[in-house]
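Engineer: quick one: sequence and predicted model below, then my questions.
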Amino acid sequence: MKGFSQRLWGWCLHIGDISGKLMTLVALPSAIFAVIVFYDEIGDTLTAPDVKAEVQSVGLRCGVALDVIPAGVDPNSYAIEECFKAPISAWVKLDLENEDAIDRTLAAVALRIHFPEHLGISDQPLIWTEARVVNHVLQNDAQVSQRWPWRALVLAAEQRSPIEIDFRAFEEENQKPYSVFRDLIVNDPSPLADVEIPVEILGRFSGSDGWVPLGACKIQIPKASVDRKRQAAVIRSLTRRCVSEG
């Protein structure tokens with residue numbers, strides 16, 4: 001009886017060894033095939049997001065947002081007055097491109113802008129972290145701009161998405177009065193003529209705490225553009241192309 005038990009045990013071990021080798025022969029090619037097919041997805045899961053921002057244009061403007069207009073006051077005059085008191089904001093038209101093979105979630109965006117020192121706005125780069133998505137809709141055949149607070153944006157794999165964002169400064173030290181920028185346009189000759197203003201788009205992704213650069217460009221302001229804007233009765237903004245660096 002003891003001998004039979006040993007033979008039975010040996011036979012079971014032999015069968016188990018054969019089964020294990022057969023399973024390996026079946027599973028190993030499948031695993032290799034899966035790695036080959038999903039190589040990009042696996043790699044992107046383990047690496048930092050590869051998302052780029054290509055800026056088309058930047059509009060430097062007054063960041064006014066009126067909640068209540070006093071009774072008996074002309075709305076247009078009041079809006080203009082408040083506009084000049086408001087800090088500078090930036091409406092940025094850009095494309096976001098996710099070059100990864102997996103979806104990426106952009107939790108927040110910010111803008112870093114560095115006004116040349118001779119303009120007298122700031123001698124340090126300003127970071128504007130308050131972002132609103134701008135939508136242009138038709139109401140009664142008239143185009144109206146709507147702004148919605150930023151929410152986490154899912155960027156589909158290997159897709160390019162156009163978007164327009166209103167950037168404003170949240171921290172007081174990053175807020176600069178729009179009236180100073182307007183005065184630069186009104187002055188003749190204007191210190192803004194033929195100036196380039198460096199701009200950088202920053203992003204923060206889900207699962208990460210820090211800001212990472214997504215793209216950079218320079219706002220080019222030719223003298224002719226400033227001269228034309230100076231002729232306007234009310235100057236609420238100056239919009240120009242932003243040329244990518246490199």
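Structural biologist: Nice, I can see it.

Engineer: where does pLDDT dip in the chain?
Structural biologist: Within the chain, the stretches with pLDDT under 70 are 1-46, 65-75, 78, 137-143, 245-246.

Engineer: for this structure, what spans make up the strands?
Structural biologist: Listed in chain order, the strands of the chain (DSSP state E) span 51-62, 88-98, 104-113, 126-128, 130-139, 142-149, 153-155, 159-168, 195-205, 212-221, 237-244.

Engineer: could I get those as a markdown table with mean neighbour count and distance to Q175?
Structural biologist: From N, CA and C alone the C-beta is placed, and that goes for glycine too. A markdown table is the format used below for those (neighbours: other Cβ atoms under 10 Å; distance: least, Cβ to Cβ, whole Å):
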| stretch | mean neighbour count | distance to Q175 |
| --- | --- | --- |
| strand 51-62 | 20 | 12 |
| strand 88-98 | 22 | 8 |
| strand 104-113 | 20 | 12 |
| strand 126-128 | 22 | 8 |
| strand 130-139 | 14 | 10 |
| strand 142-149 | 10 | 18 |
| strand 153-155 | 17 | 25 |
| strand 159-168 | 17 | 8 |
| strand 195-205 | 19 | 17 |
| strand 212-221 | 19 | 19 |
| strand 237-244 | 18 | 17 |
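
Engineer: between those, which gets nearest to I80?
Structural biologist: Closest approach to I80 among the strands of the chain (Cβ to Cβ): strand 51-62, 9.2 Å.

Engineer: roughly how far does the residue lying closest to G120 once chain neighbours are set aside sit from L192?
Structural biologist: Nearest residue to G120, sequence neighbours excluded (Cβ to Cβ, 6 or more residues apart in numbering): V180, at 6.9 Å. As defined by Cβ to Cβ, to the nearest Å, V180 lies at a distance of 11 Å from L192.
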